[in-house]
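Chemist: Below are the sequence and a predicted model; questions follow.
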Number of protein chains: 2
Amino acid sequence: MLKHLLILTAAVPLTACEIRIADSPDDAPRRPSYELTTTAAYDLDAVAVYDQDHAAVYDYIDATLPDHLAAIQRWLRQPSISAQNVGIQEMAELLRQDLVDLGFAEAELVPTDGHPGVWGYYDAGADNTLAVYLMYDVQPVNPDDWLSPPFDAEMIDHELGKVLMARGATNQKGPQRAFLNALEAIIAVDGKLPVNIMIAADGEEELGSPHYPQVVDAYENRLRQADGVLFPFNSQTPDGKINMILGVKGILYVEMIATGGDWGGPSKAEIHGSYKAIVDSPVWRLVKALDSLTSPDGNTILVPDYYEGVRPPTQEESLLINAGIEQRDDAQLQELLSVDHWIDGKTGTDAVIELLYQPTLNIDGIWGGYTGEGTKTILPHQASAKVDSRLPPDLDPDEALAKIRRFLDQQGYGDIEIRKLGGYPAAQTSVETPAVQAALSVFKKYASEISVQPRIAGSAPFYQFTERLGLPMVPTGMGFGTGAHAPNEIMLIEPAEGVAAAGLAQVEKAYVDFVYALAQAK
Amino acid sequence: MLKHLLILTAAVPLTACEIRIADSPDDAPRRPSYELTTTAAYDLDAVAVYDQDHAAVYDYIDATLPDHLAAIQRWLRQPSISAQNVGIQEMAELLRQDLVDLGFAEAELVPTDGHPGVWGYYDAGADNTLAVYLMYDVQPVNPDDWLSPPFDAEMIDHELGKVLMARGATNQKGPQRAFLNALEAIIAVDGKLPVNIMIAADGEEELGSPHYPQVVDAYENRLRQADGVLFPFNSQTPDGKINMILGVKGILYVEMIATGGDWGGPSKAEIHGSYKAIVDSPVWRLVKALDSLTSPDGNTILVPDYYEGVRPPTQEESLLINAGIEQRDDAQLQELLSVDHWIDGKTGTDAVIELLYQPTLNIDGIWGGYTGEGTKTILPHQASAKVDSRLPPDLDPDEALAKIRRFLDQQGYGDIEIRKLGGYPAAQTSVETPAVQAALSVFKKYASEISVQPRIAGSAPFYQFTERLGLPMVPTGMGFGTGAHAPNEIMLIEPAEGVAAAGLAQVEKAYVDFVYALAQAK
């Protein structure tokens, strides 16, 4: 802890100016750096392989696979685009009815100020309870970009085998309905599930889950009784490797807007560009205000105290990072992203630590004035930027927002409007929790390679479960898919010869094992 | 000259950083300030009133006014939208044929790499020759926004009287065809014109006249023989005041583009925003590069030597500014533009000097990444800005561009692409030239109030005549119009009782007088 404090003290951001007069780049203010607590690696060998055999259920899955595939297609053929309010009510009702058909004692829509949630409870009379986070919405589509229409959900021949192509195929209807198929198989063979199930589905995940807290509000006391939360997730690479993720960063998402006003500049409409000689510019003002927030390379946040409170790597996180580092291929990822090098040329463990522990300040979009073809000479009255900040554990989005506001005010940018568009804190689950251990033991039965990441750099509103309800949460499962948020989204159904990633039948069998493994946990 | 140099020396831009550590705002780098050479004012009383009477021509105009109005309507009903290539050939041919019908010995289209120019020569066998700059193109329209269809050119009742409403009514077909009507009247009554006329028309004025130099190329030696250039222009306010403009600033218009590449950042497509922790951002890079170009208030250009060579006010310009200052109403203009105050609170002469003598760096538009509703978390691979720089006399747009390029390179922003979208130098005409004196003498006959501005802050490619050919150029005429580049563009045709601005008949009579006055000049 002392070491951590020392690092932070040395890294208190200097002013923007002090950077610029630095004699050498080494004098520039730098974000804190973090170090792992150990060079030892997490020992996956110590996790026992799940060795029970549910042959009758597996056989049922094999025998009814066309029906299970059809159930997934039924979901995929129902559009449910939250951003455009297309098919939302229909999809919520479809999910609710499926829960009724599976034998859920409770299955109901949950009104919110936005799209409804869906709640379901399967009472197995069991000791253990598994909560399941589902999202029933999908991203918008541009049908022209698709090889097969995005809501036709056709089986397509792919180099990896037969795949389902549809919006939502892997994000997230495919794996989610595969999980329900697994429940259906257990119930069909054994008469009932070995665990109680709570479903708490979100209809606005693709919008940043703005009203999901209202769903949790409605069932908070019930959810607190769960032993863990599953988010069914295709976690394999094509070569069969399983990536398990135990945490996500939080996020703050704001719009910053400069408008002419008392400080200067036109306040109502653009004016002729030649007036720049005597009129201040809101676009320049936005540029200056944004510039003040980061170092010259755009990579260190200059907002005072912004890095304060970042939780440095724990022993468990350090062990997990060390265990995963050999499988990491920076060059491959850089090629995929068309990025020449990471910031400051970091690689390996250094890059992972940056990725998982640094708060960020990113400009998602910027706009103002004339942006069409050719020339138009105007002095715009307004300019805006969308800015997001990824927040590692223990940083609060509202505190981050307050720090940015205060810093802009201190610099005289009180006129810059900041509109909060969304935000929530990070989420973190321990590898030692029963839900995670159950999943790992099952994966060891099927997969030759498993990596467990303590966290990803992206965000998801899992804090509702981990931080608010104190539950372990694991977004996981076997299976492979790709193309989330892009055209030609797919989920692998029948792997081609030599493709190690699981097909639908194996995905479902692993969910069967996971449910049984969790039933026996504690 | 020595004083000028001293001002520039004191104002050599410091670095962006030195601004930020300034103990007080007074230490910040400041653009040069300029001073008038005198407190005396230009004496318009010394200009003789044009006192000749061309009663027979005036009577002809009154008698044939419906035909003259119809000639204007014929032009206005022919769309000629250069940006969309709508009706361009038809309008060029219509103009050419009108010149033939008026008795021009030469009337021909002038091929260019864009829309054609039109050349016409009327040989009066006279000593003096008037060149006339015409533009036959107009801005695009959104017909839904118009009270009367933009190409119907109907007469409309307006609070100022009867007006013609059409795209091009005042910018620029109305006053231009009124000038040709005046020539027609003179020829009809006197048999021929008292001056030779050269017409050199532009079909791409609304595009920034990119190919007009090719029109001048084709007739350069002929045009050099002219005594002055007229751009027929409705120069009156509704209360009859005439604003004469003797100069324009030049302009440089560029697009600045930051893209991921060797320096960092994604180079091919946007990537997930969470990668900001290890990936540089082209949007931040554009913000930083732009920021480096100006002082914290966005109003002083920090590009080294950018202000070098600005020609400070001459004696003539100083006299003209002093003569016009009493008519200037800063508060009224600020209200019109919805601007709280000019830069640094300047008013009166100080504001005029800033407006007319300062080079500017203005961001016309900026864009990159996601700019739609709500949130999308991406790290864009590109961001762009449209930037224009208004250049007072003696600053060259290509030199300005080279200075910006050099400064960005020096700061390590060699990767920032600068695309030149257009540019040309300033233009300036002396009030003492025969063409200007002829116009002033005529205006004194008709108008009670005349202001002569040595320059406006806006730009026009008049340098083709003033700087290249050494000819005086005067965009002037009586008449009133408004709505250029906007819906419901009008030209006043029949002023209502008590409206002092000229109607069509008086506009044409003043052009008649101007032609005769110029014939007698030298």
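Modeler: Nice, I can see it.
Chemist: Would you map out the domains in chain A?
Modeler: A:2-17+A:28-40+A:250-368+A:377-424, A:48-248+A:427-519 (automatic domain parsing).
Chemist: and the last one, what's its mean pLDDT?
Modeler: Model confidence over domain A:48-248+A:427-519 averages 96 on the pLDDT scale.
Chemist: returning to what we had before: and the domains of chain A as CSV, adding mean neighbour count?
Modeler: To be clear about C-beta, it is placed using only N, CA and C from the backbone, and glycine gets the same treatment. What follows is the domains of chain A, written out as CSV (neighbours: other Cβ atoms under 10 Å in any protein chain shown):
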stretch, mean neighbour count
domain A:2-17+A:28-40+A:250-368+A:377-424, 20
domain A:48-248+A:427-519, 20
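Chemist: now whichever residue of the stretch 51-200 of chain A sits closest to chain B, nearest residue through space, not along the chain?
Modeler: Closest to chain B within the stretch 51-200 of chain A is A:A83: 7.1 Å, counting by Cβ to the nearest Cβ. Leaving aside its sequence neighbours, A:A83 sits nearest to A:P140 (Cβ to Cβ, 6 or more residues apart in numbering or on different chains; 5.4 Å).
Chemist: got it, and A:V47?
Modeler: With Cβ to Cβ, 6+ apart, the residue lying closest to A:V47 is A:L440, at 4.8 Å.
Chemist: Then A:A502?
Modeler: Once flanking residues are discounted, A:A502 sits nearest to A:M478: 4.1 Å by Cβ to Cβ, 6+ apart.
Chemist: Please apply the same query to A:N85.
Modeler: That would be A:H115: by Cβ to Cβ, 6+ apart, it lies 7.5 Å from A:N85.
Chemist: Just grab the bridge partners of the closest residue to A:I456 other than its chain neighbours for me.
Modeler: Closest residue to A:I456 apart from its sequence neighbours, by Cβ to Cβ, 6+ apart: A:I245 at 5.2 Å. Following DSSP bridges, A:I245 is listed with bridge partners A:Q453.
Chemist: Return the distance of A:I245 relative to A:A48.
Modeler: 22 Å (Cβ to Cβ, to the nearest Å).
Chemist: Then A:R31?
Modeler: 41 Å.
Chemist: on that earlier part again, how is the residue of the stretch 51-200 of chain A closest to chain B assigned, secondary-structure-wise?
Modeler: helix (DSSP: H, G, I helix; E, B strand; the rest coil).
Chemist: Do I have it right that it meets B:G372?
Modeler: No: the pair A:A83 / B:G372 is not scored as a contact, 9.4 Å apart, by Cβ atoms under 8 Å.
Chemist: check contacts around the residue nearest to A:A83.
Modeler: A:81, A:83-84 (Cβ atoms under 8 Å, 6 or more residues apart in numbering or on different chains).
Chemist: Among the residues you listed, which one lies nearest to B:D280?
Modeler: B:D280 has its nearest neighbour among the contacts of A:P140 in A:A83, at 29.2 Å by Cβ to Cβ.
Chemist: which residues sit in contact with the closest residue to A:D305 other than its chain neighbours?
Modeler: Distance criterion Cβ to Cβ, 6+ apart; nearest residue to A:D305, sequence neighbours excluded, is A:K403 at 5.9 Å. Applying Cβ under 8 Å, 6+ apart to A:K403 gives the contacts A:303-306.
Chemist: same deal with A:E204?
Modeler: A:82, A:112, A:114-115, A:137, A:210-212.
Chemist: mind redoing it with 7 Å?
Modeler: Contacts for A:E204 were tallied using Cβ atoms under 7 Å, 6 or more residues apart in numbering or on different chains; they are A:82, A:114-115, A:137, A:210-212.
Chemist: Out of these, name the ones that lie in strands.
Modeler: The strands in this structure, assigned by DSSP state E, contain none of those.
Chemist: and those as TSV, adding distance to A:M473?
Modeler: Shown next, in TSV, are those (distance: Cβ to Cβ, whole Å):
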residue	distance to A:M473
A:S82	21
A:G114	22
A:H115	22
A:D137	19
A:P210	19
A:H211	19
A:Y212	13
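Chemist: Mark which of the residues you listed are part of helices, please.
Modeler: When these are checked against helices (DSSP state H), the matches are A:Y212.
Chemist: Tell me which residues touch A:L355, please.
Modeler: A:457, B:277-278.
Chemist: if we can go back for a sec, check the gap between the residue nearest to A:I456 and A:G208 for me.
Modeler: Per Cβ to Cβ, A:I245 is found 18 Å from A:G208.
Chemist: Which positions in the stretch 351-500 of chain A make contact with chain B?
Modeler: A:351, A:354-355, A:358, A:360, A:362-371, A:374-379, A:383, A:386, A:388, A:390, A:421-422, A:457-459 (Cβ under 7 Å from any Cβ of the partner chain).
Chemist: and the longest helix belonging to chain A, what does it pack onto?
Modeler: Longest helix in chain A, counting residues (DSSP H): helix A:173-190. In this structure, helix A:173-190 packs against helix A:55-63, helix A:65-76, helix A:88-102, strand A:228-232, helix A:504-519, with contacts taken as 3 or more Cβ pairs under 7 Å, 6 or more residues apart in numbering or on different chains; DSSP states H and E.
Chemist: Now name the helix or strand holding A:S451.
Modeler: Assigned by DSSP states H and E, A:S451 belongs to strand A:450-453.
Chemist: Show the subsequent helix or strand relative to that strand.
Modeler: helix A:463.
Chemist: Distance from that following helix to the middle of the chain?
Modeler: When distances are taken as Cα atoms, centre = their mean, to the nearest Å, helix A:463 is centred 11 Å away from the chain's centroid.
Chemist: Just checking: what are the partner strands of the following helix or strand past that helix?
Modeler: Next in sequence after helix A:463, counting helices and strands by DSSP H and E, comes strand A:473-476. Applying DSSP bridges, strand A:473-476 is found paired with strand A:228-232 (parallel).
Chemist: Tell me the gap between the strand it pairs with and the middle of its chain.
Modeler: With Cα atoms, centre = their mean, you get 14 Å for strand A:228-232.
Chemist: and if you look at stretch A:341-357?
Modeler: Put simply, stretch A:341-357 sits 20 Å off its chain's centre (Cα atoms, centre = their mean).
Chemist: for the record, mean pLDDT for that stretch?
Modeler: Rounded mean pLDDT across stretch A:341-357 is 97.
Chemist: Ends of it, what's the gap?
Modeler: For stretch A:341-357, the first-to-last residue distance is 19 Å (Cα to Cα, to the nearest Å).
Chemist: same check, this time on stretch A:157-165
Modeler: Start-to-end, stretch A:157-165 (Cα to Cα) is 10 Å.
Chemist: Run through who's touching that stretch.
Modeler: Counting by Cβ under 7 Å, 6+ apart, A:72, A:76, A:147-148, A:153-156, A:174, A:238, A:488-496, A:499 sit against stretch A:157-165.
Chemist: Check stretch A:482-493 too.
Modeler: Applying Cβ under 7 Å, 6+ apart, the set of residues contacting stretch A:482-493 from outside is A:69, A:139, A:142, A:145-147, A:155, A:158, A:160-167, A:169-171, A:174, A:234, A:479-481, A:501, A:503-504.
Chemist: Now with 8 Å, please.
Modeler: A:69, A:72, A:139, A:141-142, A:145-148, A:150, A:155-156, A:158, A:160-171, A:174-175, A:234, A:238, A:479-481, A:499, A:501-504.
Chemist: And for stretch A:42-61?
Modeler: With Cβ under 8 Å, 6+ apart, stretch A:42-61 has contacts from A:68, A:181-182, A:185-186, A:188-190, A:316, A:319-320, A:322-323, A:431, A:437-438, A:440-442, A:444-445, A:450, A:452, A:505, A:508-509, A:512-513, A:516-517.
Chemist: repeat that for 6 Å
Modeler: A:185-186, A:188-189, A:319-320, A:323, A:440-442, A:444-445, A:505, A:508-509, A:512-513, A:517 (Cβ atoms under 6 Å, 6 or more residues apart in numbering or on different chains).
Chemist: now swap in stretch A:449-468 and tell me
Modeler: Here stretch A:449-468 has contacts from A:209, A:212, A:216, A:229, A:241-249, A:251, A:317, A:320, A:324, A:327, A:355-356, A:424-425, A:427, A:429, A:431, A:443, A:471, A:473, B:274, B:277, using Cβ under 6 Å, 6+ apart.
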